[in-house]
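Visitor: Using only what follows, build the 3D model:
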Amino acid sequence: MPDNTIIPLNNSSTIVPPGNLTFTNSTAVEPPWVVYKNAQLIWYVVSMIISAASAAANLLLVLVVATNRFLRTSSGLLIGHLAAMECLITTLGMPIHMTVTFIKQYNLSPDGCAGTQFFLAVTYTVSDWTLLFLALNRFVIIFFPHAHRTLSSKKALATGITMIWTLAICLNTPFTFDVSNRFMLAPPWYSCVLAPPLNDGYDFRVLHLMTAVYLPLAIVGSLYLAIVIQSAILFAAKRIAPVPDGRTVPSGGKNEEEQTRAAQAKKIKQKQRLVVIRVLFASWAVYCMCYFSNTIIANFNPTLISRSPVLQLWTRTAYVVGYIIHPLFLFCFSRGHLHGLKALLRRCRRQ
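Guide: Sure thing, here's the model as predicted:
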């Protein structure tokens, strides 16, 4: 489960070690999977369908990038890596988490709890930092175009992706081996989450949240916002630019035509680049609303989520919805990715 949905710091007394979850007929209050059995079934079916659709959309985006050479640019490869991570999350991470939440009789073992949550935490950490690397790549090409070639080289991309994976693994490994915090079962659904420290040790959850989630996503929004503002300023400057006085300029013949065509091609490329940036900015905004849905609800009504176990389930579904946003927006609003999708479909038909 995403770390922004972990239980409050003062609920350590309600944590249950994995493998120790037992219920008897003498329990005074029936567990939520008995009280809300039908609602939980509807949630599980709908969520699994959305997760499958997200996985298919991201897999399709990976194939589009891989099979179209014009999309295998530095940003295109980062988009492909992001889609691969989101495909892993919606193919394995979230379906396993939702299935364990749905089937309470499974009573996940300590190793199973640590393993499944470690995989999910690493993949969504890599996903968030890949978003940051992609935004930084677009920021450099707009504000520092002369340095973009160095940042977009294969060596730089490989180094950046390796550093992201190293950070994600190092950040989540301590919880797997019960260093201060640990992955444990938490009410009301007793699914595996990152729990408070049991021995009054340092609570790493705040540091983990800042490093894995808040910091990269906040920087992504700032970078894209700076690019959008810059493009708006340039557009306004062009609109108020002085009109030529009409004096004739000697024709340069063939060289002038080539320069004109080159300038037009460059202008079209810049326009397409800005369109993709705006699409990524809009995708980031919707993704954040899905990712922090429980936080948003809690700000309007602090007790609503704690009083509604079913709503807690649907905030996890909103989290899954966030992973279909990037491929959906790119295929709908990016002409290059739409062209690549059509080319891929034509190849499939020929075969």
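Visitor: can you give me phi and psi for Pro187?
Guide: Note on Pro187: its backbone torsions stand at phi -70, psi 160 [degrees, to the nearest 10].
Visitor: Can you check the pLDDT for Thr166?
Guide: Looking at Thr166, its pLDDT is 96.
Visitor: Against Ala318, how distant is Ala218?
Guide: According to CB to CB, to the nearest Å, Ala218 and Ala318 sit 20 Å apart. The way it works is simple: take the backbone N, C-alpha and C, and place the C-beta from them, glycine included.
Visitor: More neighbours: these two, which one.
Guide: Ala318 (18 against 13; other CB atoms under 10 Å).
Visitor: Excluding chain neighbours, what is closest to the more buried one?
Guide: Once flanking residues are discounted, Ala318 sits nearest to Ser293: 4.0 Å by CB to CB, 6 or more residues apart in numbering.
Visitor: I figured the one you found was touching Leu313, is that so?
Guide: No. In this structure Ser293 lies outside contact range of Leu313 using CB atoms under 8 Å: 11.7 Å.
Visitor: following the host helix or strand of Leu136, which helix or strand comes up?
Guide: Secondary structure assigned from DSSP states H and E places Leu136 in helix 110-143. Per DSSP H and E, helix 110-143 leads on to helix 145-151 as the next helix or strand towards the C-terminus.
Visitor: what's the angle from the helix or strand that that next one is followed by to helix 110-143?
Guide: Toward the C-terminus, helix 145-151 is succeeded by helix 154-176 as the next helix or strand (DSSP H and E). Angle, helix 154-176 to helix 110-143, by axes from the mean of the first three to the mean of the last three CA atoms, to 10 degrees: 150 degrees.
Visitor: now for helix 154-176, which elements pack on it?
Guide: For helix 154-176, the packing partners by 3 or more CB pairs under 8 Å, 6 or more residues apart in numbering; DSSP states H and E come out as helix 74-88, helix 110-143, strand 182-186, helix 205-209.
Visitor: helices and strands around the third one, which ones?
Guide: With contacts defined as 3+ CB pairs under 8 Å, 6+ apart, the secondary structure elements packing on strand 182-186 are helix 110-143, helix 154-176, strand 191-195.
Visitor: Quick one: closest of those to Tyr323.
Guide: Closest approach to Tyr323 among the helices and strands packed on strand 182-186 (CB to CB): helix 110-143, 8.1 Å.
Visitor: so how far is that closest one from its chain's centroid?
Guide: The chain centroid and the centroid of helix 110-143 are separated by 7 Å under CA atoms, centre = their mean, to the nearest Å.
Visitor: Around Phe183, count how many other residues there are.
Guide: There are 26 residues near Phe183, going by other CB under 10 Å.
Visitor: quick one, the helix-or-strand element of the chain with minimal mean pLDDT and strand 191-195 angle?
Guide: Lowest by mean pLDDT, DSSP states H and E among the helices and strands of the chain is strand 182-186, with a mean of 72. Here the directions of strand 182-186 and strand 191-195 differ by 130 degrees (the same axes, to 10 degrees).
Visitor: chain center to strand 182-186, what's the gap?
Guide: Distance of strand 182-186 from its chain centroid, counting by CA atoms, centre = their mean, is 23 Å.
Visitor: what's the answer for stretch 151-165, then?
Guide: Here the centre of stretch 151-165 is set off from its chain's centre by 19 Å, with CA atoms, centre = their mean.
Visitor: circling back to that earlier point, list the contacts of the residue nearest to Ala318.
Guide: Counting by CB atoms under 8 Å, 6 or more residues apart in numbering, Ser293 touches Thr315, Ala318, Tyr319.
Visitor: Considering those, which is situated nearest to Ala83?
Guide: Closest to Ala83, out of all of the contacts of Ser293 and judged by CB to CB, is Tyr319, at 17.1 Å.
Visitor: I'd say the closest one and Tyr291 touch.
Guide: Yes. Look at Tyr319 against Tyr291 with CB under 8 Å: they come within range, at 6.0 Å.
Visitor: Could you check how far Ala262 is from Ile268?
Guide: Counting by CB to CB - Ala262 and Ile268 are separated by 11 Å.
Visitor: which ones are touching Ile305?
Guide: Contacts of Ile305 (CB under 8 Å, 6+ apart): Asn294, Ile297, Ala298, Leu311, Gln312, Thr315.
Visitor: What residues sit buried inside the helix or strand that contains it?
Guide: Taking DSSP H and E as the criterion, Ile305 maps to helix 304-307. For helix 304-307, the neighbour count (16 or more other CB atoms under 10 Å) marks Ile305 as buried.
Visitor: next SSE after that helix?
Guide: helix 309-321.
Visitor: Now do that next one against helix 110-143, angle only.
Guide: Orientation of helix 309-321 against helix 110-143 (the same axes, to 10 degrees) gives an angle of 50 degrees.
Visitor: quick thing: my sequence starts at 743, can you match it?
Guide: From this message on, residue numbering opens at 743, which makes the last subject helix 1051-1063.
Visitor: Isn't Leu1083 up against Ala799?
Guide: No. Under the criterion of CB under 8 Å, Leu1083 makes no contact with Ala799, lying 10.6 Å away.
Visitor: Mutual contacts of the two, please.
Guide: Joint contacts of Leu1083 and Ala799 (CB under 8 Å, 6+ apart) are Phe1073.
Visitor: Spatially nearest residue to Val868 (excluding sequence neighbours)?
Guide: Spatial nearest neighbour of Val868, excluding adjacent residues (CB to CB, 6+ apart): Ala910 at 4.7 Å.
Visitor: for the host helix or strand of Leu803, the distance to its chain's centre please.
Guide: Following DSSP H and E, one finds Leu803 within helix 779-809. Distance of helix 779-809 from the chain centroid (CA atoms, centre = their mean) equals 14 Å.
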